[in-house]
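In: The amino acid sequence is not available; the structure is as follows:
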């Protein structure tokens, strides 16, 4: 009963916060000499989104932004008689606002006497502050003012309006936006929404650290180039034909091209879809070492990882593991206190046995050779935790790697299989950002594992990869499994096995397919190199994307005919003799005794099968049509079968926020 009462009080408090700023948290700046101000840093994404879309910007064009922001400030802010803290780099001082110039975004202020001020590295007197205000005609930038807290609530909306303006001009607006040639398009959809989403994705650690660093460096360089270009342009005389002006014009063209390239790169990173699809692939953040291969002596080593162990634990380890499996002459034993050091010391064929305990690591675990890492005990007893930020937690590139009986606690990092094969068995993955990523040409076999907590997808499957998921639990993530079907038809579909998995309580879909719309696939030119084709696709995309997510949950009964029509249309473009038979196994040969599944859960399995069959057939038809046009038609009976689900059955989808299966069209 006490818990229920506390929850009810909390909900009422949140409801009041949405209506009034007077119950928001307040901050006392500096050493407490100045009064409290409204603290608005905790505003959520949807609160800022709604303010910019509904109240400040609406559907304005880029050239109308200044007028719309001035009108918003004029309607919301109190024109006078409120106190604020004037913040600068060297001092904070209490002033009273006597007038607001909305068009110039400035406020006329008077110093509050006796003066209340905090300085940083300088001494200011009342006389010097008055002289400074007189020199500025008592006008200060309104974005440098923070409204002083007032219990009456009369200035709540003024504080909120100033916060939205301050955030907009600091994090959203760019100096070059007003020169954008796409002035006919909605500025909010084209620029505000993607930049706002990126800000919060970075704030919530949903973007790899490498991509964040690249974005900030690109943005800083773009500001620098724009300043150089603007200065050079302002000094040119259009009527002059002097040699100096001609040189300046050539230099201006060079700067302009560099500036456009930087702006294009920023748009690619700012776009939510391209960032989601490309961010982790382009910015894996890791340069794996080369595989060492077998040890020169031909011996194999068992690496024991333990910070400390009792005599009884060592005796049990020797009796249960070492003597039965590793008592041959080719094995020797080495001891480590850190799993990272143990993996780094491995050669091909080595084994790492991690004893029970909590191992906090600060660097990534990069497995480049065919080794086995096994926890001695239950997964909850053998815990590896990564504390600091980084782009990778466990990255496997070995030809044949196995992880078993381990629990990974992920802090601001990503597990990934970039190449080779990784087998995970009886592992627990407690994620905080993205879960397991299976990149192109990599193989993942995940059996009897538990994965939860990912802010992105629990498992991301790239084109051309092989992924087998059997008996796993994937839950409490943003999406359960995300399958990426890139834009170019030369990108192979992944080979996926999904058997007896429990995918439940995810925020979005249990399984979601990211794929291009029909027009996007048909219009793109073929490129022999997949990576090159993908980069070309990024440059071709328009800078604006629909603001709403193109998610659509598939209802099997309504979509069956659409899937059949897609397959028939794809087959119509190909000669009958050249079309391989499409086969999707209803049962996995390895698990013929699979559990019986209630009818409610089979619909999601069927929907996934039908969508992948339709997508695979359509992509295959486009490829063969293009090959025929190039005069390079060649039958390949195994081509289509390599782009299909190998098996999908026995999976249960429960309590997922948007349903069992959906598609994201771009």
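Out: Nice, thanks for sending it over. It should be emphasised that the depicted structure is a prediction, and the values quoted were computed from it without experimental measurement.

In: Hmm, residue 380 is touching residue 406, no?
Out: No. Assessed by Cβ atoms under 8 Å, residue 380 is found out of contact with residue 406, at 10.1 Å. No exception for glycine: its C-beta is placed from N, CA and C like everyone else's.

In: Overlap of the contact sets of the two?
Out: Listed contacts common to residue 380 and residue 406 are residue 428; contacts here mean Cβ atoms under 8 Å, 6 or more residues apart in numbering.

In: These two - which one has more neighbours?
Out: residue 406 (25 against 11; other Cβ atoms under 10 Å).

In: gap between the nearest residue to the more buried one once chain neighbours are set aside and residue 404?
Out: Nearest-residue entry for residue 406: residue 375, 4.3 Å, with adjacent residues in sequence omitted and distances by Cβ to Cβ, 6 or more residues apart in numbering. Separation of residue 375 from residue 404 (Cβ to Cβ, to the nearest Å) stands at 7 Å.

In: Please identify which of these two sits among more neighbours.
Out: residue 375 (27 against 18).

In: For the more buried one, list the residues it contacts.
Out: By Cβ under 8 Å, 6+ apart, the contact list for residue 375 reads 353, 354, 356, 381, 382, 404, 405, 406, 407.

In: Could you single out the nearest of the residues you listed to residue 173?
Out: Nearest to residue 173 among the contacts of residue 375 is residue 407, at 45.2 Å by Cβ to Cβ.

In: who does that closest one bridge with?
Out: Counting by DSSP bridges, residue 407 forms beta bridges with residue 383, residue 428.

In: For residue 495, see how far away it is.
Out: Noted for residue 407: a distance of 28 Å to residue 495, by Cβ to Cβ.

In: what does residue 134 give?
Out: Noted for residue 134: a distance of 75 Å to residue 495, by Cβ to Cβ.

In: Kindly report the domain assignment for the chain.
Out: Taking the TED database as the criterion, the chain consists of the domains 1-187, 207-287, 298-355.

In: okay, those domains in CSV with mean pLDDT next?
Out: Shown next, in CSV, are the domains of the chain (pLDDT from 0 to 100):
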stretch, mean pLDDT
domain 1-187, 79
domain 207-287, 77
domain 298-355, 88
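
In: Just the pLDDT for residue 475.
Out: Per-residue confidence (pLDDT) for residue 475: 95.

In: For the nearest residue to residue 662 once chain neighbours are set aside, list the residues it contacts.
Out: Here the nearest residue to residue 662 in space, its sequence neighbours aside, is residue 509; by Cβ to Cβ, 6+ apart that works out to 4.2 Å. Contact partners of residue 509, counting by Cβ under 8 Å, 6+ apart, are 479, 480, 551, 553, 656, 657, 658, 659, 660, 661, 662.

In: And residue 423, its phi and psi?
Out: Main-chain torsions, residue 423, degrees, to the nearest 10: phi -110, psi 130.

In: Can you give me the neighbour number for it?
Out: For residue 423, the neighbour count with other Cβ under 10 Å is 17.

In: got it, and residue 297?
Out: Residues contacting residue 297 under the criterion other Cβ under 10 Å number 9.

In: and what of residue 188?
Out: Using other Cβ under 10 Å, residue 188 has 21 other residues around it.

In: Could you verify that it is part of a helix?
Out: Yes. Counting by DSSP: H, G, I helix; E, B strand; the rest coil, residue 188 falls inside a helix.

In: For it, which non-adjacent residue is closest in space?
Out: Excluding the flanking residues, the one nearest residue 188 by Cβ to Cβ, 6+ apart is residue 57, at 4.9 Å.

In: wait, isn't that neighbour in contact with residue 187?
Out: Yes. If you go by Cβ under 8 Å, residue 57 and residue 187 touch, sitting 6.4 Å apart.

In: between these two, who's got more neighbours?
Out: A count of neighbours by other Cβ under 10 Å puts residue 187 above the other of residue 57 and residue 187, at 26 against 23.

In: Excluding covalently adjacent residues, which one is nearest to that one?
Out: Closest to residue 187 by Cβ to Cβ, 6+ apart is residue 62, at 4.9 Å.

In: Wait, the one you found touches residue 177, no?
Out: Yes. Look at residue 62 against residue 177 with Cβ under 8 Å: they come within range, at 5.4 Å.

In: what about those two, which has more around it?
Out: Shown here are residue 62 and residue 177; by other Cβ under 10 Å, residue 62 has more neighbours (20 against 16).

In: Quickly note the distance from the more buried one to residue 186.
Out: As judged by Cβ to Cβ, residue 62 and residue 186 stand 10 Å apart.

In: And for residue 340?
Out: Distance of residue 340 to residue 186, given as Cβ to Cβ: 49 Å.

In: Over to residue 338: give its phi and psi.
Out: Residue 338 adopts backbone torsions of phi -130, psi 130, taken as degrees, to the nearest 10.

In: and for residue 62 and residue 177, which residues touch both?
Out: The contact sets of residue 62 and residue 177 overlap at 187, 191 (Cβ under 8 Å, 6+ apart).

In: Tell me the buried residues in stretch 170-183?
Out: 172, 173, 174, 176, 177, 180 (16 or more other Cβ atoms under 10 Å).

In: just stretch 295-310 next, same as before
Out: Within stretch 295-310, the residues scored as buried using 16+ other Cβ under 10 Å are 300, 301, 302, 303, 304, 305, 306, 309.

In: next one: stretch 117-129
Out: Residues of stretch 117-129 classed as buried under the neighbour-count rule (16+ other Cβ under 10 Å) are 117, 118, 129.
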